[in-house]
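Colleague: Please find the sequence and the predicted model below.
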2 protein chains.
Amino acid sequence: MSADEIRLFFEPESVAVVGASRNPEKFGSVVIQNLQNLGYPGKVWAINPRADEILGVKSLPSIRAIEEEVDVVIIAVPAAVVPQVMRDCAQKDVRNVVIISSGFSEAGEEGQKRLEETLKFAHQGGIRILGPNTTGILSPKFRFSTTFVPLTADIKAGPVAFIAQTGMFAGVLLHHIITAEHFGISKVAGLGNKSDTDEADILEYLYEDEDTRVVMIYMEGVKDGRRFLNVARKYTCAKPLVLLKGGRTPAGAKAAFSHTGSLAGQYSLMETLVKQARIIPAHDVQEMMDFAKALAYQPLPRGPRVGIASMSGGAAVMASDAITEAGLALAPLDSRHISYLQTLLPEWAVATHPIDLEPLMETVGGNEGYRIGLETLLGDPSVDMCLLVMGVGLFREAEGNAVTMLAPLLRKRDKPVVVSLIGPKKPCELLTAQLEEMKVPTYPMVTRAAKSLAAMSQYAELKLGCGD
Amino acid sequence: MSADEIRLFFEPESVAVVGASRNPEKFGSVVIQNLQNLGYPGKVWAINPRADEILGVKSLPSIRAIEEEVDVVIIAVPAAVVPQVMRDCAQKDVRNVVIISSGFSEAGEEGQKRLEETLKFAHQGGIRILGPNTTGILSPKFRFSTTFVPLTADIKAGPVAFIAQTGMFAGVLLHHIITAEHFGISKVAGLGNKSDTDEADILEYLYEDEDTRVVMIYMEGVKDGRRFLNVARKYTCAKPLVLLKGGRTPAGAKAAFSHTGSLAGQYSLMETLVKQARIIPAHDVQEMMDFAKALAYQPLPRGPRVGIASMSGGAAVMASDAITEAGLALAPLDSRHISYLQTLLPEWAVATHPIDLEPLMETVGGNEGYRIGLETLLGDPSVDMCLLVMGVGLFREAEGNAVTMLAPLLRKRDKPVVVSLIGPKKPCELLTAQLEEMKVPTYPMVTRAAKSLAAMSQYAELKLGCGD
């Protein structure tokens, strides 16, 4: 029921923008520009009493003047006018409204009064509200967005959803994701002040959404802990949930109260929810994305034992430290595999685990070294997860087709493989794109790769509890 | 004395490459190519009995055939031949030799025998050895390098030195630094097996080196803890030292023993050294570079209190969490500054610290918002360090000349300023380059910015102990 109500926010066939503007800098213009840039295929109306047409879109004086059904209304007018607009929406029988405008619960007594009036009309009309004070929705597959952050790049659709209790930050993070990350977005929901729709509502929809494999949440406070727990427990038995909690410290909690009115003292409640709802916690936005891409693309590991093959002995040491500090263990590699590696090495080198590929590469070349290393780890039953530490610029040949060499092994893999990669910027960016195209999460730091493996191992273990 | 001996490794006027090769893939060719690519202005000889000339460089059959003085000899021949070459070096009265070749202490009994023979000739000749098993030296200001990692990009000279007990990894990391980081390198020393020259020797030279402001060390084990402590204690009273220890965990220590023969159990010794020698520890390579650039470019803070101005309320929450978790505190901003900010805000917004710049930007624009935020923090005596959280892509104007707006303030600053920056990739990379050109360390994650401020605060506090 809730999932169906929420679905319309992400998959509307028609939309009206209240506060549509001719000034290209105004939110009421950017929203329409974004719909046009994304190629939104549904109907669009501009609502502005002082225009007949805005950006080529027909403009009407009010919501009530629209003669057809409207799935979603986006409100970008000053807060004082919003209750009136909501009354129009109720009269027009609109079911889903996104309120971009600021100046409600975060703006003292007067703002609170405005919010109550807005909610009153919403309840009368059976309207679901997203916001106020939000960037709202991004739904790449449906080429739909309500955000006022200018979207110019093409949005890659992918398996990761993002629910954010912060508007501006979600906007810039989204820009980062679509220009610098490869994992692709299924749905984004900026919740703003959460006057109605909250994380639990969105999770219920995402539970059913076949395009979403992992959800990331940035959350400062929870309104209804019991409901969130119930929804999240159901969700995490199907798909992983990575949570970044804002307000973990006294200073952060105080800032969160200013930002979204989230109450201090909620962190202990959140910690309980995290445990009971099988949530993977992250400590910053980078970690949240690191974990999400590892979980989105890969089979879950059967255990916590990591096999490591590294292009340098020093990096093998760092990788061993990193997996241990992440709570994982070095796999006890089969002695027959070690003996086989020994036959390939120059006479001065000794085969061990973690596998130092450097002497091997002196014999067989860079790419073949990586291939033999990965083949050994994938073939050893003691290895639950593989960590391949790669470098660019050591062996000239390694700069070429490392991924082509690894592809046959990667296609057949039945356990997670992550790569840590360092070297010159451009070749590293290219190799990262190629590896992630093969669904191999790639990180510049071995610590980030190790923590991402640990997140996978943690989720695999937590999920075992779903039987009860 | 030791510093003068070591100086020649970094500032030689002539160099011979033993094992010079016509095959462009061989280390003995890459070393000469690198000298040519860097524009090394000194004399170069190739040593190869089967050539008259290699890459346009005169080739001689042995070191002894050179008629002039040779400051540095680079050895890139198979390990078995190295003792013989070292004897030639001793006879020629060479004082500094870099041994690239592998196959010594890391290669069993035979390797150990070779090493002892090599060292015997070195001692007879009073020769300082760097290596074996090392990438050796990079000295951008003197356009000199002994590394076998192909150097094609221009090497930016800068204030950060790097001492590494790992060859291959130092090579790829160097590639990363010269293509992706802005801080610039003063000197790099790859130590390899540390048969003679170790961290303490290099530190003694860097203590005197006016081009070095910060040193980063990757170390798996220490040979002479007492000497390292003495040298490092003297060094850190002048300049900061950031240390990444490899082998912090049992698995890492075991891998370090395979890699460089470093003994397990040294970590507790290292922890003692870190404390007594006022060393800033780092947990991965990224953190090591993050701390180094913060320390290299900025005045030290007078205390641990951070002022925060953020382009979004959510990011202000994350920044508050990050500084608290890094052991720092939010500065108690002067109420007059808060009151002044309040006069600039839209009526619905409330001024607080951390400063949420978003409402201010709605009134004054993006760049002016950042300027007012930074001006407020710099002008408040309770603020020891400033953290500016920036985003690109929110306000179109903010993409332009944020740095031009901030430059007059940054030039006058008497306390550290770091920036956390997120948004679309290319504009972020451009803004990062502009900010770091102004010596403002810039990080994509607020956690990294906060930890870097904490490293500065920690060093400032440790340095107070230098009076005794």
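Modeller: Right, received. Where do you want to start?

Colleague: Touching, A:Q286 and A:K451? I think so.
Modeller: No: A:Q286 sits out of contact with A:K451 when judged by C-beta atoms under 8 Å, with a separation of 10.2 Å. Every C-beta, even on glycine, is put in place using the N, C-alpha and C of the backbone.

Colleague: Who has more neighbours out of these two?
Modeller: Here A:Q286 and A:K451 are set side by side on neighbour count (other C-beta atoms under 10 Å in any protein chain shown), and the busier one is A:K451, at 23 against 20.

Colleague: Quick check: phi and psi at the spatially closest residue to that one that is not a sequence neighbour.
Modeller: When the adjacent residues along the chain are set aside, A:K451 lies closest to A:A326, with 5.0 Å between them (C-beta to C-beta, 6 or more residues apart in numbering or on different chains). Geometry field for A:A326 lists phi and psi as phi -90, psi 0, criterion degrees, to the nearest 10.

Colleague: do A:S145 as well
Modeller: Here A:S145 shows phi and psi, under degrees, to the nearest 10, equal to phi -160, psi 150.

Colleague: then the lowest-mean-pLDDT helix or strand in chain A to CSV, C-alphas only?
Modeller: Taking mean pLDDT, DSSP states H and E as the measure, the helix or strand of chain A with the lowest value is helix A:266-276, at a mean of 85. Provided in CSV are the C-alpha atoms of helix A:266-276 (Å, rounded to 0.1, in the frame of the first residue of the first chain):
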residue,chain,number,x,y,z
GLN,A,266,19.2,9.2,19.2
TYR,A,267,22.6,7.7,18.4
SER,A,268,22.2,4.9,21.0
LEU,A,269,18.8,4.2,19.5
MET,A,270,20.3,4.2,16.1
GLU,A,271,23.1,1.8,17.2
THR,A,272,20.4,-0.6,18.4
LEU,A,273,18.5,-0.3,15.1
VAL,A,274,21.7,-0.9,13.2
LYS,A,275,22.3,-4.2,15.1
GLN,A,276,18.8,-5.4,15.1
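
Colleague: now for it, which elements pack on it?
Modeller: With contacts defined as 3 or more C-beta pairs under 8 Å, 6 or more residues apart in numbering or on different chains; DSSP states H and E, the secondary structure elements packing on helix A:266-276 are helix A:225-236, strand A:241-245.

Colleague: tell me, how many neighbours does the residue in the stretch 1-150 of chain A that chain B sits nearest to end up with?
Modeller: Using C-beta to the nearest C-beta, the point where the stretch 1-150 of chain A gets nearest to chain B is A:A107, with a distance of 3.3 Å. Each residue near A:A107 was counted by other C-beta under 10 Å, and the total is 21.

Colleague: Wait, it touches B:A349, no?
Modeller: Yes: the pair A:A107 and B:A349 passes the contact test of C-beta under 8 Å, sitting 7.0 Å apart.

Colleague: Run through who's touching the least confident helix or strand of chain A.
Modeller: Taking contacts as C-beta atoms under 8 Å, 6 or more residues apart in numbering or on different chains, the residues outside helix A:266-276 that touch it are A:219, A:221-222, A:225, A:228-229, A:232-233, A:243, A:245, A:247-248, A:253, A:279, A:281.

Colleague: After that helix, which helix or strand is next? Please name it.
Modeller: Next helix or strand after helix A:266-276 toward the C-terminus (DSSP states H and E): strand A:280-282.

Colleague: Partner strands of that next one, with direction?
Modeller: In its sheet, strand A:280-282 lies beside strand A:241-245 (parallel), with partners assigned from DSSP bridges.

Colleague: any idea of the angle the helix or strand following the strand it pairs with forms with helix A:266-276?
Modeller: Using DSSP H and E, the next helix or strand after strand A:241-245 towards the C-terminus is helix A:250-260. Using axes from the mean of the first three to the mean of the last three C-alpha atoms, to 10 degrees, the inter-axis angle of helix A:250-260 relative to helix A:266-276 is 90 degrees.

Colleague: which residues make contact with helix A:250-260 from outside it?
Modeller: For helix A:250-260, the surrounding residues in contact (C-beta under 8 Å, 6+ apart) are A:106, A:165-166, A:193-194, A:220-221, A:246-247, A:262-267, B:313-314, B:316-321, B:323-324, B:329-330, B:350, B:352, B:354, B:356.

Colleague: Got a quick ChimeraX command for the buried subset of these?
Modeller: Filtering the contacts of helix A:250-260 down to the buried ones (16 or more other C-beta atoms under 10 Å in any protein chain shown) takes a single ChimeraX command:
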select /A:106,165,166,193,194,220,221,246,247,262,266,267 /B:313,314,316,317,318,319,320,321,323,324,330,352,354,356
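
Colleague: circling back: tell me which of the helices and strands packed on helix A:266-276 sits most buried.
Modeller: strand A:241-245 (a mean of 25; mean count of other C-beta atoms under 10 Å in any protein chain shown).
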